[in-house]
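Peer 1: Here's a sequence, model it:
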Amino acid sequence: MKLLILGGTMFLGRHIAEIALERGHELTLFHRGQHGADLFPAAEHLFGDRKEDLSALAGRSWDAVIDTCGYVPRIVANSAQLLAPNCGHYTFISSISVYSRNDIVGLDETGEKGTLEDPTIETVDGGSYGPLKALCEQAAEAAFPGRTLNIRPGLIVGPNDPTDRFTYWPVRIARGGEVLVPAGLDVPVQIIDVRDLAAWNLDLVERGEVGVFNATGPATPLTLRQMLSACESASGSSPELVPADEAWLEANEVHAWSDIPVWVPDTDDMRGFSRIDCTKAINSGLTFRPIADTAADTLAWANTREPGTALKAGLAAEREAELIARLKSAQ
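Peer 2: A predicted model of the protein is given here:
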């Protein structure tokens, strides 16, 4: 199969590219050349910024396109419209953030999507990200009617993750000592290993599947406690978990998802956030490796980075120590 990846050198795109080459596909990567330009010498590399210049793609044909880096509907529309006459199939990597409700447990692909008062805005932030992704899905489908696969992942984790949201935990647990955690460790979390997502995505493309799929996991419920236990197993460390209740964390400006990554309080308004229904994807062949394997492989990758590399998510060591001291002094 002749395959084009828009992106292809960062995180999900990188893993899709690696698996595609392993499977013998003829691969082209379109990217800016700013990250990983030396990766995948067996692939064709086309350079350009999709926001401004798609000329490298003009007149070319591929069996399938995978768009891993679309966030603004106008830009996705430009790419999809250019490629539609000469390409057979289009995958758009969307997000479960398209849904307007986080209070519904078991939300499937028919859930109501978020909207914007001004659908022409192009500023991507916490409020616009999901609705813009929903509009990007529409733009892709409009250009490739009946030939579009929209995949809605949850939190993607694993080696090469540029966000460090999951990476924080195996790295922090491996360091040992006192670790600040929320008191409610039995809240559900949903994550998907980037390699599982990449392999399944290619499976669907190879079969010519279309439609919309939620894509997060695992197949059976996972709690924050179990995730942290897997990180302990991966590192062989036995840290002391120091629990703080939600009210204390909020009062001390310790934020869920960013300061304490992956965690979202199990409140009524967020009850469905980590309980997305992925039955359709699982029935189509999506499988999940053990969380302990993801933790171990993520830690191994993180240990290849320059010593002292600052994580982009989670608490800095000094702030965490200050918070724990404050918490203990108040007890």
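
Peer 1: show me the contacts for the nearest residue to residue 158 once chain neighbours are set aside.
Peer 2: Distances taken as C-beta to C-beta, 6 or more residues apart in numbering place residue 194 nearest to residue 158, at 4.1 Å, with adjacent residues excluded. No exception for glycine: its C-beta is placed from N, CA and C like everyone else's. Residue 194 sits next to 11, 12, 15, 156, 157, 158, 159, 160, 161 when contact means C-beta atoms under 8 Å, 6 or more residues apart in numbering.

Peer 1: Can you give me the domain boundaries for the chain?
Peer 2: Domains of the chain are assigned by automatic domain parsing as 2-153, 168-190+218-274+289-329.

Peer 1: Point out the most buried one among those.
Peer 2: Of these, the one with the most neighbours on average (mean count of other C-beta atoms under 10 Å) is domain 2-153, at a mean of 18.

Peer 1: Start and end of that one, how far apart?
Peer 2: Terminal residues of domain 2-153 are spaced 24 Å apart (C-alpha to C-alpha, to the nearest Å).

Peer 1: that older thread, dump the contacts of residue 194 to TSV, plus secondary structure and distance to residue 31.
Peer 2: Below are the contacts of residue 194 laid out as TSV (DSSP: H, G, I helix; E, B strand; the rest coil; distance: C-beta to C-beta, whole Å):
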residue	secondary structure	distance to residue 31
11	helix	12
12	helix	13
15	helix	15
156	strand	18
157	strand	22
158	coil	20
159	coil	19
160	coil	15
161	coil	18
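
Peer 1: In TSV: those residues, plus distance to residue 60 and pLDDT.
Peer 2: Below are the contacts of residue 194 laid out as TSV (distance: C-beta to C-beta, whole Å; pLDDT from 0 to 100):
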residue	distance to residue 60	pLDDT
11	25	97
12	23	98
15	24	98
156	28	98
157	33	98
158	31	98
159	31	98
160	27	97
161	31	97
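
Peer 1: Let's have the residues you listed in JSON lines, adding distance to residue 74.
Peer 2: Shown next, in JSON lines, are the contacts of residue 194 (distance: C-beta to C-beta, whole Å):
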{"residue": "11", "distance to residue 74": "24"}
{"residue": "12", "distance to residue 74": "22"}
{"residue": "15", "distance to residue 74": "28"}
{"residue": "156", "distance to residue 74": "25"}
{"residue": "157", "distance to residue 74": "30"}
{"residue": "158", "distance to residue 74": "31"}
{"residue": "159", "distance to residue 74": "33"}
{"residue": "160", "distance to residue 74": "29"}
{"residue": "161", "distance to residue 74": "28"}
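
Peer 1: Identify, from those, the entry nearest to residue 218.
Peer 2: residue 157 (11.3 Å; C-beta to C-beta).

Peer 1: Count the neighbours of the nearest residue to that closest one once chain neighbours are set aside for me.
Peer 2: Excluding its sequence neighbours, the residue lying closest to residue 157 (C-beta to C-beta, 6+ apart) is residue 166, at 3.6 Å. If you count neighbours by other C-beta atoms under 10 Å, residue 166 ends up with 27.

Peer 1: ok, residue 166 to residue 211 distance?
Peer 2: 28 Å (C-beta to C-beta, to the nearest Å).

Peer 1: picking up where we left off before, nearest to residue 205, out of the domains of the chain?
Peer 2: domain 2-153 (5.0 Å).

Peer 1: how about the helices in the stretch 201-331 of the chain?
Peer 2: 224-235, 246-251, 279-283, 291-302, 317-329 (DSSP state H, counting those that start in this stretch).

Peer 1: Test my guess that residue 271 contacts residue 101.
Peer 2: No - between residue 271 and residue 101 there is no contact under C-beta atoms under 8 Å: 10.0 Å.

Peer 1: what does stretch 7-24 rub up against?
Peer 2: So stretch 7-24 is contacted by 3, 5-6, 27, 29-31, 35-37, 39-40, 42-43, 66-69, 93, 153, 156, 158, 160-162, 194-195, 197-199, 201-202 (C-beta under 8 Å, 6+ apart).

Peer 1: do stretch 282-302 as well
Peer 2: Stretch 282-302 is contacted from outside by 157-161, 166-167, 169-171, 174, 191-193, 195-197, 200, 203-204, 209, 213, 215, 217-219, 222, 226-227, 230-231, 233-235, 278, using C-beta under 8 Å, 6+ apart.

Peer 1: Would you check how far apart the closest residue to residue 113 other than its chain neighbours and residue 255 are?
Peer 2: Nearest residue to residue 113, sequence neighbours excluded (C-beta to C-beta, 6+ apart): residue 134, at 4.2 Å. For residue 134, the distance to residue 255 (C-beta to C-beta) stands at 25 Å.

Peer 1: Please tell me how far stretch 235-244 is from the chain's geometric centre.
Peer 2: 26 Å (C-alpha atoms, centre = their mean, to the nearest Å).

Peer 1: cool, and stretch 237-247?
Peer 2: For stretch 237-247, the distance to the chain centre is 26 Å (C-alpha atoms, centre = their mean).

Peer 1: Format the CA atom coordinates belonging to that stretch as PDB.
Peer 2: What follows is stretch 237-247, C-alpha atoms only, in PDB (Å, rounded to 0.1, in the frame of the first residue of the first chain):
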ATOM      1  CA  SER A 237      10.900   1.100  43.600                       C
ATOM      2  CA  SER A 238       8.800   1.300  46.800                       C
ATOM      3  CA  PRO A 239       8.000   4.900  47.400                       C
ATOM      4  CA  GLU A 240       5.800   6.300  50.100                       C
ATOM      5  CA  LEU A 241       2.600   7.600  48.700                       C
ATOM      6  CA  VAL A 242       1.400  10.700  50.500                       C
ATOM      7  CA  PRO A 243      -2.300  11.200  49.900                       C
ATOM      8  CA  ALA A 244      -4.000  14.600  49.900                       C
ATOM      9  CA  ASP A 245      -7.700  15.100  49.600                       C
ATOM     10  CA  GLU A 246      -9.200  17.100  46.700                       C
ATOM     11  CA  ALA A 247     -10.100  20.100  48.800                       C
END
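
Peer 1: Fine, thanks again, bye for now.
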